[in-house]
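Predicted model and sequence follow; I will ask about them next.
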Amino acid sequence: MKYALLLALSIISSFSFAQEKPKAENVIVVTFDGYRWQELFGGAQKKILNVKKYAGDKKKMKALYWDKDASVRREKVMPFFWSTIASKGQIYGNKKLGNRVTLTNGYKFSYPGYNEIFSGWGDKRINSNGYGDDPNQNIFDFLLTQKGFDGKMAAFATWDAFPRIINEKRNHVPVFVDMKPNNKGAINIKGVSIDQWQTTIPAHNPYAKTDSFTYHFAKEYLQRNHPHFAFIGFDETDDYAHDGNYAAYLNTATTLDRYMKDLWNFVQGDPQYKDKTTIIITCDHGRGDIPNLEWRHHGHVLHAENIWIAAIGAGITPKGEVKDKMFLHQNQIAATVAALFGYTYKVDHFSGQPITEISGTVGVREK
Ligand SMILES: [Zn+2]
């Protein structure tokens with residue numbers, strides 16, 4: 001009897017060993033701060049283009065971004081999303097079709113959103129962009145307890161709050177917000193380091209630098225150091241929307257789409273990353289809806305809890321724009337990243353469950 005039980009147990013455990021290989025060896029999470037699902041899925045919005053103070057040169061804007069057909073319009077803003085990601089990846093959050101992704105934090109602004117992305121918990125205590133070091137264990141802390149991640153994670157961001165949000169003091173993950181060269185080497189353009197170049201660009205937002213430098217620094221770092229988990233946080237979509245500058249907001253989205261194309265081409269052309277790397281792209285919060293012209297802002301703005309998630313790369317089943325009625329949450333992203341690596345996300349606080357449509361079923365990868 002005892003023997004039979006042991007035999008049964010060993011069969012079960014050998015099954016579970018064979019069950020799941022990690023879907024990805026590397027994951028890169030990218031955020032477009034406050035980029036709305038309305039433009040992602042619908043391109044330029046007529047009701048905003050028709051307001052002169054937002055659209056500026058309407059004729060030029062229409063030439064660049066207008067078409068009667070929303071599926072053509074969205075391609076004009078984000079051609080990479082609507083060709084490559086739409087054919088090889090997955091895109092969630094078209095609220096019009098009932099495919100919803102929302103925040104669970106009630107605040108609808110940046111720090112609480114990024115806390116929710118990284119920790120998996122829409123913690124009520126995180127109530128300000130000026131909040132100090134985030135007390136919640138996050139995906140970086142979790143991965144640090146797994147084999148092979150120490151020294152193989154990094155974050156790059158335009159907004160200067162990320163060292164607090166990721167809590168680099170606690171986990172010592174390098175969080176680059178000023179693009180200063182470190183012991184991994186200076187990153188130069190034409191012999192001038194990127195942090196020096198940055199001082200030649202007027203700062204649009206006193207708390208942020210420039211997305212272009214964030215991208216180029218991140219890409220160079222990925223090339224040199226091949227971290228297994230990386231985060232790249234872009235900022236300028238949010239700044240231009242707050243300004244009410246719809247032209248700059250859409251142009252920024254187009255630029256970010258181009259970075260994603262370049263990142264994807266880099267990943268797929270790099271022997272260490274090719275076919276082993278998943279890219280997840282999302283945002284920290286939405287913005288208001290068009291009818292009340294609250295598209296510029298978020299925070300205490302109706303409907304700004306609606307966001308979106310896209311994924312492409314290793315382990316991602318091609319589904320394109322997911323049109324099924326679903327209700328996903330921002331607090332699932334951390335667990336989804338862990339699951340892509342084959343781990344069950346375990347921290348000392350609540351977390352959402354992985355989005356299994358993205359990650360597959362949670363693996364049983366050993367430490
Ligand atoms: Zn934000």
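Thanks, I have the structure now. Numbering: from 1, shown residues only.

Let me know the distance separating whichever residue of the chain sits closest to the ion from residue 160.
Proximity of the chain to the ion (CB to the ion) peaks at residue 110, 3.1 Å away. Where C-beta positions appear, they are placed from N, C-alpha and C, glycine not excepted. Relative to residue 160, residue 110 is positioned 12 Å away (CB to CB, to the nearest Å).

residue ranges for the strands of the chain, please.
Residue ranges of the strands in the chain, as given by DSSP state E, are 26-32, 90-92, 99-102, 153-157, 175-176, 188-189, 192-193, 229-234, 277-282, 306-307, 309-313, 320-321, 326-329.

Just want the angle from the first one to strand 277-282.
Spelled out, that is strand 26-32. 20 degrees (axes from the mean of the first three to the mean of the last three CA atoms, to 10 degrees).

what about strand 26-32 and the ion, touching?
No: applying CB under 5 Å from the ion, one finds strand 26-32 out of contact with the ion, separated by at least 8.5 Å.

which outside residues touch that strand?
114, 117, 222, 226-234, 237, 253, 256, 260, 263, 267, 273, 276-284, 314, 333, 337, 340-341 (CB atoms under 8 Å, 6 or more residues apart in numbering).

Return the residues of the stretch 151-300 of the chain in contact with the ion.
Counting by CB under 5 Å from the ion, the stretch 151-300 of the chain sits next to the ion at 238, 284.

Low-confidence ranges, the stretch 151-300 of the chain, go.
Scanning the stretch 151-300 of the chain for pLDDT under 70 picks out 181-187, 189-190.

Looks like residue 124 contacts residue 105 (just checking).
Yes: if you go by CB atoms under 8 Å, residue 124 and residue 105 touch, sitting 7.4 Å apart.

So which of the two has more stuff around it?
Using other CB atoms under 10 Å as the criterion, residue 124 and residue 105 rank with residue 105 on top: 24 against 10.

and the strands of the chain, which is most packed in?
Highest mean neighbour count of the strands of the chain: strand 229-234, a mean of 27 (counted as mean count of other CB atoms under 10 Å).

Return the list of strands paired to that strand, each annotated with direction.
Using DSSP bridges, strand 229-234 pairs in its sheet with strand 26-32 (parallel), strand 153-157 (parallel).

how many other residues sit next to residue 65?
With neighbours defined by other CB under 10 Å, the count for residue 65 comes to 23.

Setting the sequence-adjacent residues aside, check what's closest to it.
Closest residue in space to residue 65, ignoring its immediate chain neighbours: residue 44 at 3.8 Å, by CB to CB, 6 or more residues apart in numbering.

same thing with residue 76?
Nearest residue to residue 76 in three dimensions, chain neighbours excluded: residue 65, at 5.1 Å (CB to CB, 6+ apart).

Show the contacting residues for the one you found.
43, 44, 49, 73, 76, 77, 250 are the contacts of residue 65 under CB under 8 Å, 6+ apart.

Quick check: it vs residue 303, distance?
Taking CB to CB, one finds residue 65 at 22 Å from residue 303.

Can you read off the pLDDT for the nearest residue to residue 108 once chain neighbours are set aside?
Excluding the flanking residues, the one nearest residue 108 by CB to CB, 6+ apart is residue 304, at 4.2 Å. Note on residue 304: pLDDT of 96.

doesn't residue 287 make contact with residue 304?
Yes: between residue 304 and residue 287 there is a contact under CB under 8 Å: 5.4 Å.

what do these two both touch?
Counting by CB under 8 Å, 6+ apart, the contacts common to residue 304 and residue 287 are 297, 298.

So for those two, which sits in the more crowded spot?
For residue 304 versus residue 287, the count of surrounding residues by other CB under 10 Å is larger for residue 287: 28 against 25.
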